[in-house]
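In: Take this sequence and fold it.
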Amino acid sequence: MKRGLLFSGALVVAPAIGLATVCGAAYAGSAKDYYPTRAWGSFNGGRMNTSILVFRDLNRNGVYDLGDRPMPHVAVELGKPNGDTIMRWTNVSGFANFAMSVLQRNLELVDPGHYAFRVVPPPGWSVTTGNASQESDYVVSPGSPGDMIALRTTHPVGLAADLTISGAATAGSRISLTGPDGVTAVAKVDPDERFSAPVTSGEWLVEVSTEGATQRRKIVVGEAPVVLSALSGKGGPAVEPLPRQHVVGFDDLLTTSGVFEIPSGYGGLDWYNLVAMHQRFTDGPGYINTTMSGEFIAYNSSGHPGQVFSDKPFDFTGACFGAGWNDAEGETLVLKAWRGDQPAYEDQLVLSASGPVYFAADYRRITRLEIQTQHHWQAAMDDFAYRTGP
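Out: Numbering: from 1, shown residues only. Below you'll find the predicted structure:
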């Protein structure tokens, strides 16, 4: 290269003091030129969001506090001064955003006036904060990002799943549930051999009696509805539970935002076609809504069956399950377990992207567990609990 030739974009210092040439253009600006003071009071012409936050109120105390989690894919309505209503879904951070601007007339809020917000919970969910409906007046404010502001901002809206214990039982069975307060209620078995009863958090004793035999299950109800494995009324499991309890939340497998095939040996078990990832790696709201501990979640890869297995028998205690995507709402999860080559258990439960159910399995001395969905959608899974021998 000849002396004096420069690559494109290079800076050449000109002989005149205070002048510079950048890509062929000469400048001699002052600080006031480069850092102009804005003329406040004129219309900005921009836009900004007015938002409302919806969260999972995990401790059900009606306050957005530590431990609560944002809840995506919740419907929020905005009532406009002219009587029209529009709906937006909450995003992965739990916010329903409505864009406002005085000059950009194609947005949701363009006129001053009285606006009303209404959060519409998914089926099986209730508002804990008592503020599903909120109202505010919006006024023109030239120079603000959207040239309009709210006189009152919204407050977070908390939702919690309606707690139930449900399951399958033989027709004619008598189902009784005794709660932490010592009060016993009876649940009716429907013609489809299903039952469901409203409950509160705490330890419950479930008894199913059929033809003189009674099976008893102790269930701890936490933050999610509980689905029991099939109750046969034949006297319960014939073997004692294994002594060592474990719970894996998949948070110690990776620290990045990618996906990671769960390797054999994790937690002392072997795994096949099950993947762990950060809950926000995809846009699937069910992955976020199913996460109960930490920030990571597991799912059956590509919606195909996954397996957990071991040469040594283990007890599958239970796990939280949900649908990864809102398009899979109502997907059916099928769980099968074997002892060696012999089938031991089989159950089905319905999944939702709004939040998990806790499947109380109590599968004892199994060597293989299969996790599959009927329509090959991904089932999200967290807090996989099991027991092993000494």
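In: Checking Leu78 next. Helix, strand or coil?
Out: strand (DSSP: H, G, I helix; E, B strand; the rest coil).
In: measure it to Phe260 for me?
Out: Using C-beta to C-beta, to the nearest Å, Leu78 is found at 40 Å from Phe260. Bear in mind the C-beta positions are built from the backbone N, C-alpha and C, glycine included.
In: all strands of the stretch 251-390 of the chain, in order?
Out: Remark: strands assigned in the stretch 251-390 of the chain by DSSP state E, counting those that start in this stretch are 259-261, 270-272, 274-278, 296-300, 306-323, 332-339, 342-350, 357-373, 379-388.
In: Between those, which one is closest to Ala168.
Out: Ala168 lies closest to strand 342-350 among the strands of the stretch 251-390 of the chain, at 7.7 Å (C-beta to C-beta).
In: Touching the closest one from outside, list them.
Out: Identification of contacts with strand 342-350 by C-beta atoms under 8 Å, 6 or more residues apart in numbering yields 168, 227, 229-230, 321, 330-338, 357, 359, 361, 363, 365-366.
In: show me where the stretch 151-300 of the chain has helices.
Out: Secondary structure of the stretch 151-300 of the chain, counting by DSSP state H, counting those that start in this stretch: helices at 285-290.
In: Quick check: beta-bridge partners of the closest residue to Leu159 other than its chain neighbours?
Out: What sits nearest to Leu159 in space, not counting adjacent residues and going by C-beta to C-beta, 6 or more residues apart in numbering, is Trp125, at 4.9 Å. In this entry, Trp125 is beta-bridged to Ala161, by DSSP bridges.
In: Next one, pLDDT for Trp125 please.
Out: Trp125 carries a pLDDT score of 98 in this model.
In: I'd assumed Ser209 was in contact with Arg216.
Out: No - using C-beta atoms under 8 Å, Arg216 is not in contact with Ser209, being 9.7 Å away.
In: more crowded one of the two?
Out: Between Arg216 and Ser209, Ser209 has the larger neighbour count (other C-beta atoms under 10 Å), namely 17 against 13.
In: who's that one bridged to?
Out: Beta-bridge partners recorded for Ser209 (DSSP bridges): Arg174, Thr214.
In: when you give positions from now on, start the count at 549
Out: Sounds good: first residue 549 from here, last item Ser757.
In: Would you enumerate the residues in contact with it?
Out: 721-722, 724, 763, 781.
In: Quick check: it vs Tyr893, distance?
Out: For Ser757, the distance to Tyr893 (C-beta to C-beta) stands at 21 Å.
In: Enumerate the beta-bridge partners assigned to the spatially closest residue to Pro904 that is not a sequence neighbour.
Out: Of all residues not flanking Pro904 in the chain, Cys868 sits nearest, at 3.9 Å (C-beta to C-beta, 6+ apart). Counting by DSSP bridges, Cys868 is bridged to Tyr906, Asp930.
In: What is the burial count for Cys868?
Out: Using other C-beta under 10 Å, Cys868 has 24 neighbouring residues.
In: Any figure for the gap between it and Asp931?
Out: Distance, Cys868 to Asp931, using C-beta to C-beta: 5 Å.
In: Same question for Gly642.
Out: Going from Gly642 to Asp931 by C-beta to C-beta gives 21 Å.
In: what do you get for Ile767?
Out: 15 Å.
In: Please apply the same query to Arg916.
Out: For Arg916, the distance to Asp931 equals 21 Å [C-beta to C-beta].
In: isn't Arg828 right next to Ile836, touching?
Out: Yes - contact criterion C-beta under 8 Å: Arg828 and Ile836 qualify, at 6.4 Å.
In: how does this structure divide into domains?
Out: As given by automatic domain parsing, the domain ranges for the chain are 596-708, 712-936.
In: end-to-end on the last one?
Out: The reference is to domain 712-936. This stretch, domain 712-936, spans 29 Å end to end (C-alpha to C-alpha, to the nearest Å).
In: what about it, distance to the chain center?
Out: Here domain 712-936 is found 17 Å from its chain centre; the criterion is C-alpha atoms, centre = their mean, to the nearest Å.
In: Would you single out the least confident of the domains of the chain?
Out: In terms of mean pLDDT, the lowest-scoring of the domains of the chain is domain 712-936 (a mean of 94).
In: which ones are touching the residue nearest to Leu707?
Out: Applying C-beta under 8 Å, 6+ apart to Trp673 gives the contacts 707-710, 902-903.
In: can you redo the domains of the chain as JSON lines with distance to Pro584?
Out: Formatted as JSON lines, these follow (distance: least, C-beta to C-beta, whole Å):
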{"stretch": "domain 596-708", "distance to Pro584": "15"}
{"stretch": "domain 712-936", "distance to Pro584": "39"}
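In: so which of the ones you listed gets nearest Tyr582?
Out: Of all these, domain 596-708 sits nearest to Tyr582, with 21.4 Å by C-beta to C-beta.
In: Check the offset of that closest one from the chain's centre.
Out: That offset, for domain 596-708, works out to 19 Å (C-alpha atoms, centre = their mean).
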